[in-house]
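Chemist: 3D, please:
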Amino acid sequence: MERLSKKLSGKKERPIKVVQFGEGNFLRAFVDYMIDIANEQGKFDGDIVLIKPIEFGNLDMFHEQDCQYTVSLRGIVDGKAQVLNRIVTSVADAVDAYTEYEKYNDLAKIDTLRYVVSNTTEAGIVYDPTDKFELNPPKTFPGKLTKFLYTRFEAFNGDMNKGLVMLPVELIDDNGIMLKKCVMQLIELWGLSDEFKNWVENACIFTSTLVDRIVTGYPRDEVESIWEGLGYEDRTLVTGEPFALWVIESQKDISKEFPLPDAGLPVIFTDNQKPYKQRKVRILNGAHTSFVLASYLAGNDIVLESMQDETVKNFMMKTIFDEVIPTLTLPKEELEEFAQAVITRFNNPYVKHALLSISLNSVSKWRARCMPSFLGYVEKTGKLPEHLTFSIASLMAFYTGTEIRDKALIGHRDGQEYNIMDDMAVLEFFRDNSQKETAEFVKAYLGREDFHGQDLNQVAGLTDAVTAYLDDIKANGMRAALCKIS
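Modeler: Model prediction:
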């Protein structure tokens, strides 16, 4: 079978407009995929060079295929399961910042270059005062970027029209603000010129972004059958879901020069991404956290099973539409449309998302994802939100156990053990308290200010309500308790 290549894809060469720190699955199935569509529709006309920003690993697989690869999006589209395959031709080259330093450094001197994309993990955007300008390249991503920008500044004699736009997608709050802060700290540390500092400040743009797409990566177990369907071999193929959202926050408007929405792509330009982040965390992540523990104890193992379970699905729908959406600030119609997209994603037959994997660190997740909706509902209505209140009892039932083994609290479902994974202080609390009388257990848990940031026993009626729900779960089982409020 023929291997994917430029010859097979018919790639058109375009000017280099983007360098991308990171060659992983997410960027290739998200950013590079979108730019490829914008190129096809004549909205962007630019190629990407991938940069491997770490020392280990190699780029051999990319070069063997001329940096051509397939994105296979699999999920529910227009109400039915579909597979959407696309050969992505937007990547022109892949460069190792360590073994090809000169080639990498010369990318900064390309006249048409305008954008820097990055996904160097949450730990990638950090200020390290031990990093050195003299290293080729500096060891941290902010160090690499600072020196890369300095190379460009010198190559174009400080031309204010040659600044770059940073588009970091690392999963930290205000990623662009944090990245710029690191760069500015390194400029000071390394004693770089005030002229360069002014150029970075005024010629360059650091955007903060929010990204959303589940990328499931290389389908190792089924790749040969996929190749048969494609008619060619692709060892850098990447799979993901059809849904995508890219929110780009920038103080300077870049929507005209980066017109991805004009190509029908789900990109939103804004000067404030926080309402969109709140929407994602409270609806998508909050839905997960509110139902997965109850669903697992009711006998389900993956999200898809949960959505096929009418009792669990009804519980989730009432949580989202009756208790979460009323506490959010974006227009109701927009929130409900997003919620429907979330439900479609949960029903994706190609994604086997394990409930136990989602259960990791549920105590802190509930605080971040569910508690703001819970408190917002109480403040708005003067009543307890029934389903979010039940989710607390579900969490406490799930976290019930007496033994910590290999850094996990051991829970039991139908006589079978499961691992409860969380911070040790959390596990020790549940080990020491979950066998106590229900009212005492509930009061102790709700009173842990280190878990919730406040004493939730002070919320009128909550202690008694959670106690009643937890007693019901203990006496009659999770499914029977769920059925009463679903």
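Chemist: as a check, name the ranges of all helices in the stretch 301-450 of the chain.
Modeler: For the stretch 301-450 of the chain, the helices defined by DSSP state H, counting those that start in this stretch cover 303-307, 310-318, 332-346, 355-358, 362-365, 371-381, 386-398, 424-433, 438-446, 449-452.
Chemist: any chance of those helices in a markdown table, with distance to I214, mean pLDDT and mean neighbour count too?
Modeler: C-betas here are computed from N, CA, C, even on glycine. Output for these, formatted as a markdown table (distance: least, CB to CB, whole Å; pLDDT from 0 to 100; neighbours: other CB atoms under 10 Å):
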| stretch | distance to I214 | mean pLDDT | mean neighbour count |
| --- | --- | --- | --- |
| helix 303-307 | 11 | 97 | 21 |
| helix 310-318 | 17 | 98 | 19 |
| helix 332-346 | 7 | 97 | 16 |
| helix 355-358 | 12 | 96 | 18 |
| helix 362-365 | 17 | 96 | 21 |
| helix 371-381 | 22 | 98 | 18 |
| helix 386-398 | 23 | 98 | 25 |
| helix 424-433 | 27 | 98 | 16 |
| helix 438-446 | 32 | 98 | 19 |
| helix 449-452 | 28 | 97 | 14 |
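Chemist: quick check: mean pLDDT across the one helix or strand V211 maps to?
Modeler: In the assignment (DSSP states H and E), V211 maps to strand 208-212. Mean pLDDT, strand 208-212: 97.
Chemist: for the nearest residue to M316 once chain neighbours are set aside, list the residues it contacts.
Modeler: Using CB to CB, 6 or more residues apart in numbering and skipping residues adjacent in sequence, the residue nearest M316 is F291, 4.6 Å away. F291 makes contact with S306, V312, F315, M316, T319, S391, according to CB atoms under 8 Å, 6 or more residues apart in numbering.
Chemist: pull out the buried residues from stretch 60-76.
Modeler: 62, 65-76 (16 or more other CB atoms under 10 Å).
Chemist: what is the nearest of the residues you listed to D131?
Modeler: F62 (27.1 Å; CB to CB).
Chemist: check which element follows the one helix or strand the closest one maps to along the chain.
Modeler: Element membership of F62 [criterion: DSSP H and E] is helix 60-64. Counting by DSSP H and E, the element after helix 60-64 in chain order, helix or strand, is strand 69-77.
Chemist: helices and strands around the helix or strand that that following strand is followed by, which ones?
Modeler: Going down the chain from strand 69-77, the next helix or strand is strand 80-88, by DSSP H and E. Packed against strand 80-88 by the contact rule (3 or more CB pairs under 8 Å, 6 or more residues apart in numbering; DSSP states H and E) you find helix 31-40, strand 69-77.
Chemist: and R235, which of those is closest to it?
Modeler: So among the helices and strands packed on strand 80-88, strand 69-77 is nearest, using CB to CB, at 8.7 Å.
Chemist: show the average pLDDT along the closest one.
Modeler: Across strand 69-77, pLDDT averages out at 97.
Chemist: just checking, what packs against that strand?
Modeler: On a contact count with 3+ CB pairs under 8 Å, 6+ apart, strand 69-77 meets helix 25-29, strand 80-88, strand 238-240, helix 332-346.
Chemist: Y377: which of those is closest?
Modeler: helix 332-346 (14.4 Å).
Chemist: isn't A298 right next to T311, touching?
Modeler: Yes - at 7.1 Å, A298 and T311 qualify as touching, with contact defined as CB atoms under 8 Å.
Chemist: overlap in contacts, these two.
Modeler: Common contact partners of A298 and T311 (CB under 8 Å, 6+ apart): R479, L482.
Chemist: so who does F44 touch?
Modeler: So F44 contacts K17, I35, A38, F258, P259, L260, A263 (CB under 8 Å, 6+ apart).
Chemist: let's see that with 6 Å instead.
Modeler: F44 makes contact with I35, A38 under the criterion CB atoms under 6 Å, 6 or more residues apart in numbering.
Chemist: returning to that earlier point: parallel or antiparallel, list what pairs with the strand holding V211.
Modeler: Strand pairing for strand 208-212, determined by DSSP bridges: strand 245-249 (antiparallel).
Chemist: just how off-centre is the helix or strand following the strand it pairs with within its chain?
Modeler: Following strand 245-249 in sequence order, the next helix or strand is strand 267-270 (DSSP H and E). Taking CA atoms, centre = their mean, to the nearest Å, one finds the center of strand 267-270 at 17 Å from the center of the full chain.
Chemist: stretch 98-110 now?
Modeler: 30 Å.
Chemist: what residues of it count as buried?
Modeler: Y104, N105, L107, A108.
Chemist: out of those, which are inside strands?
Modeler: Among the buried residues of stretch 98-110, no member is found in strands (DSSP state E).
Chemist: can you put those residues in a markdown table and add distance to K6 and pLDDT?
Modeler: Shown next, in a markdown table, are the buried residues of stretch 98-110 (distance: CB to CB, whole Å; pLDDT from 0 to 100):
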| residue | distance to K6 | pLDDT |
| --- | --- | --- |
| Y104 | 22 | 98 |
| N105 | 25 | 98 |
| L107 | 20 | 98 |
| A108 | 25 | 98 |
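Chemist: name the residue most distant from the centre of the chain?
Modeler: Distance to the chain centre peaks in the chain at E437, reaching 39.2 Å (criterion: CA atoms, centre = their mean).
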